[in-house]
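A.B. asks: Sequence and predicted model, in that order:
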Number of protein chains: 2
Amino acid sequence: MNQSVVIAPLGESLSGFLSSFQYSKVVVVVDNNTKKHCYPALKAVLPRHSVVTVLPGESQKTLATCEKIWAILTKEELDRHALVINLGGGVIGDMGGFCAAVYKRGIDFIQVPTTLLSQVDASVGGKLGIDFQGFKNHLGVFNIPKSVLIDPKFLSTLPERELRSGFAEVIKHCLIADKEKWEEIRYKDFEEQNWEDLISHSVKIKQRVVEQDPTEKGVRKILNFGHTLGHAVETCFLNKPAGQRLFHGEAIAVGMIMESYLSFARKMIDQQTLTNIEEFLFATYGKVAIKPDDVEKIISLTRQDKKNKGKEVRFSLLNGAGQCAYDIVVTASEMRKSIAYYLG
Amino acid sequence: MNQSVVIAPLGESLSGFLSSFQYSKVVVVVDNNTKKHCYPALKAVLPRHSVVTVLPGESQKTLATCEKIWAILTKEELDRHALVINLGGGVIGDMGGFCAAVYKRGIDFIQVPTTLLSQVDASVGGKLGIDFQGFKNHLGVFNIPKSVLIDPKFLSTLPERELRSGFAEVIKHCLIADKEKWEEIRYKDFEEQNWEDLISHSVKIKQRVVEQDPTEKGVRKILNFGHTLGHAVETCFLNKPAGQRLFHGEAIAVGMIMESYLSFARKMIDQQTLTNIEEFLFATYGKVAIKPDDVEKIISLTRQDKKNKGKEVRFSLLNGAGQCAYDIVVTASEMRKSIAYYLG
């Protein structure tokens, strides 16, 4: 589980990569957005290849889209010595990686993440997958890309809301593993953050954790801080009108406040730490309007979390700023309190 | 890649297995045939569990059936600590294993193979998958079952044609790896073979090969002897009227004769060895009527073989009886000759 991650201009990193491998064919997977904004930069440095374009967005991260991708790989007669390049955010990386990992029982793929979220999180760690029946990443595999090529220049192609969403995972990495960095970022406004530095910081933390526990039997679960209730909130909002839907990081910010409250209620962090976290997250993300009707839905959705065992819902909770514990069983009544706390 | 295989009455092997693990839930995957003929024996020794029943046959080994299985695992709220038991032949093992390996990025599963074919071949080695757009095992992963429980008693539930089909893989294992055993079996009629002995012999050979090369980068390819043309013949016959369709082993027997001819044409085996092989296989399986129209279709289908590189079609060919070489590039014109030789 030694994952290669290169943070550099794409021209450099890609030539370096291709010079050490011989592929029979290369296929690039993009969505309409990355095809327009990012593919020209890739095309300029990539020899002969084909392109698969899918529609953008989490709603496309389904078996139906995979079938389309597999049909094209088959039509192109890709053999086991071919390469898939996933150029895009988390959806493209997770789904394109899954398609490559399953096609003919697995062919090589590399991730070229184009969003902050995928640069600091999704592209590192080998988690691949798609949604199924509304459950996030319900189908998938663990499989390591041959390389992850991160070009921070792609961030300039992002809408601000997308960049802000990715920042939530940066905040999470600081909260679970680096108190000093947390103290550094929380005194800066969103606009003042140094993205190149934060990408490299987040990637290092994630790699360190994943190397210790590639398949999430233990310590890797700390990366799920904010994600048990966060994913449930995200899923709950998937069925709302488009204008109310949440970006992943926005939902995780909600989850981090709720789960910081749970950490506080369990006396794992003190009042001041809780206050610091919620003030920073509310200032950065505002407050999401969760309706009374949604509360039980959110609690019920946590039962599908992949970290659970039997009927127990298990959380990763902060153990002081910069530290995190996992496999902590939390009851529905505690969750209800944490949602009420969030709603103030 | 240390795969546990237990050859014993199912009552014994299953209690042994379950006593060393704690599962949150157990789901058994069967088809209508194994539900009727094999499930009662399993049910008698298995604590509380659910059952997923699918239609029997290779034509069901599709994404659509997987979706049904995944929907049931989801509805049953299976978590990552659950167990899937695949009770059936190769289709159930390959597809149920694939579903387990992909559900929530992989939960434990065990294989309880009920056909000779799956006992001596499919259940060992970690190859999982389904067919896609008519291509065999086109989607899949490598993943090792927690255990393979082989009960030779299930063979008595099989139609004779099914048993004979499985015998082809036994013959293959002898031809590629054990000259002495080949000389032993070829002097016996089908009815005189000792199945318990042959199962154990085949499993040992397959395990030895797979341990050396789990993901088929090298020596594992020898297990594909007979399968390059064999799979192509099998796929070609998939579209024929039901009465003309071939069982897997029947197609592999055809492939083994054709590929023995290729081995002979390359001077890798002598005339006598070729004669011995074809006489035994024709005596056991008869001759399949391949129409002139099918020849180019079969040759074209070999281009989708997973062992190929670029436009080259690569074979595993005998290097004397009991030995096998791999990555041998064979041209369409040589294949044409081998098919003509088969048809005599």
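C.D. replies: Nice, I can see it.
A.B. asks: all contacts plus neighbour counts: C-alpha atoms, from now on.
C.D. replies: OK.
A.B. asks: what's next to the strand ranked longest in chain A, contact-wise?
C.D. replies: Once chain A is assigned using DSSP state E, the strand that runs over the most residues is strand A:135-142. For strand A:135-142, contacts defined as CA atoms under 8 Å, 6 or more residues apart in numbering or on different chains pick out A:98, A:101, A:126-132, A:215, A:231, A:235, A:304, B:101-106.
A.B. asks: Cross these against strands and list the overlap.
C.D. replies: Checked against DSSP E, these include these in strands: A:127-132.
A.B. asks: all helices of the stretch 201-344 of chain A, in order?
C.D. replies: Assigned by DSSP state H, counting those that start in this stretch, the helices in the stretch 201-344 of chain A fall at A:227-238, A:248-265, A:271-285, A:292-301, A:332-343.
A.B. asks: which helices and strands sit right next to the fourth one?
C.D. replies: Under the contact criterion of 3 or more CA pairs under 8 Å, 6 or more residues apart in numbering or on different chains; DSSP states H and E, the helices and strands touching helix A:292-301 comprise helix A:227-238, helix A:332-343.
A.B. asks: at 7 Å instead, please
C.D. replies: When contacts are defined as 3 or more CA pairs under 7 Å, 6 or more residues apart in numbering or on different chains; DSSP states H and E, helix A:292-301 sits against helix A:227-238.
A.B. asks: quick one, the helix it packs on and helix A:332-343 angle?
C.D. replies: 70 degrees (axes from the mean of the first three to the mean of the last three CA atoms, to 10 degrees).
A.B. asks: could you check the angle strand A:135-142 makes with helix A:227-238?
C.D. replies: 130 degrees.
A.B. asks: can I get the CA coordinates of helix A:227-238 in CSV?
C.D. replies: Presented in CSV, the C-alpha positions along helix A:227-238 are these (Å, rounded to 0.1, in the frame of the first residue of the first chain):
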residue,chain,number,x,y,z
HIS,A,227,-19.0,11.6,8.2
THR,A,228,-21.5,9.4,10.1
LEU,A,229,-24.0,12.2,10.6
GLY,A,230,-22.5,14.2,7.7
HIS,A,231,-23.2,11.4,5.2
ALA,A,232,-26.7,10.9,6.6
VAL,A,233,-27.4,14.7,6.2
GLU,A,234,-26.0,14.6,2.7
THR,A,235,-28.2,11.6,1.7
CYS,A,236,-31.3,13.1,3.4
PHE,A,237,-30.8,16.3,1.3
LEU,A,238,-30.3,14.3,-2.0
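A.B. asks: Tell me which residue is most central in chain A.
C.D. replies: Nearest to the geometric centre of chain A sits residue A:122, at 3.9 Å (CA atoms, centre = their mean).
A.B. asks: Contacts only, for residue A:178.
C.D. replies: Residues near residue A:178 by CA atoms under 7 Å, 6 or more residues apart in numbering or on different chains: residue A:322.
A.B. asks: any idea how far it lies from residue A:337?
C.D. replies: 28 Å (CA to CA, to the nearest Å).
A.B. asks: Who's the closest spatial neighbour of the residue in the stretch 201-344 of chain A that chain B sits nearest to, skipping the chain neighbours?
C.D. replies: Per CA to the nearest CA, residue A:310 is where the stretch 201-344 of chain A lies closest to chain B, at 5.2 Å. Nearest non-adjacent residue to residue A:310, counting by CA to CA, 6 or more residues apart in numbering or on different chains: residue B:24, 5.2 Å away.
A.B. asks: and the one you found, what element?
C.D. replies: Assigned by DSSP states H and E, residue B:24 belongs to no helix or strand.
A.B. asks: and it, how many residues sit next to it?
C.D. replies: A count of neighbours around residue B:24, defined by other CA atoms under 10 Å in any protein chain shown, yields 14.
A.B. asks: Surely it and residue B:84 touch.
C.D. replies: No. Assessed by CA atoms under 7 Å, residue B:24 is found out of contact with residue B:84, at 11.0 Å.
A.B. asks: got the contact list for the nearest residue to residue A:301 once chain neighbours are set aside?
C.D. replies: Nearest residue to residue A:301, sequence neighbours excluded (CA to CA, 6+ apart): residue A:232, at 5.3 Å. By CA under 7 Å, 6+ apart, the contact set of residue A:232 is A:298, A:301-302.
A.B. asks: I'd assumed residue A:84 was in a strand, is it?
C.D. replies: Yes. Assigned with DSSP: H, G, I helix; E, B strand; the rest coil, residue A:84 falls within a strand.
A.B. asks: Could you verify my assumption that it touches residue A:27?
C.D. replies: Yes. Between residue A:84 and residue A:27 there is a contact under CA under 7 Å: 4.9 Å.
A.B. asks: For residue A:161, give its distance to residue A:116.
C.D. replies: For residue A:161 relative to residue A:116 (CA to CA), the value is 11 Å.
A.B. asks: Name the residue in those two with the higher neighbour count.
C.D. replies: residue A:116 (28 against 13).
A.B. asks: Leaving out sequence neighbours, find the closest residue to the more buried one.
C.D. replies: residue A:166 is the one closest to residue A:116 (CA to CA, 6+ apart), at 4.9 Å.
A.B. asks: Contacts only, for residue A:46.
C.D. replies: By CA under 7 Å, 6+ apart, the contact set of residue A:46 is empty.
A.B. asks: Could you measure from it over to chain B?
C.D. replies: 19 Å (CA to the nearest CA, to the nearest Å).
A.B. asks: Spell out the secondary structure type for that residue.
C.D. replies: Quick answer, by three-state DSSP: residue A:46 is coil.
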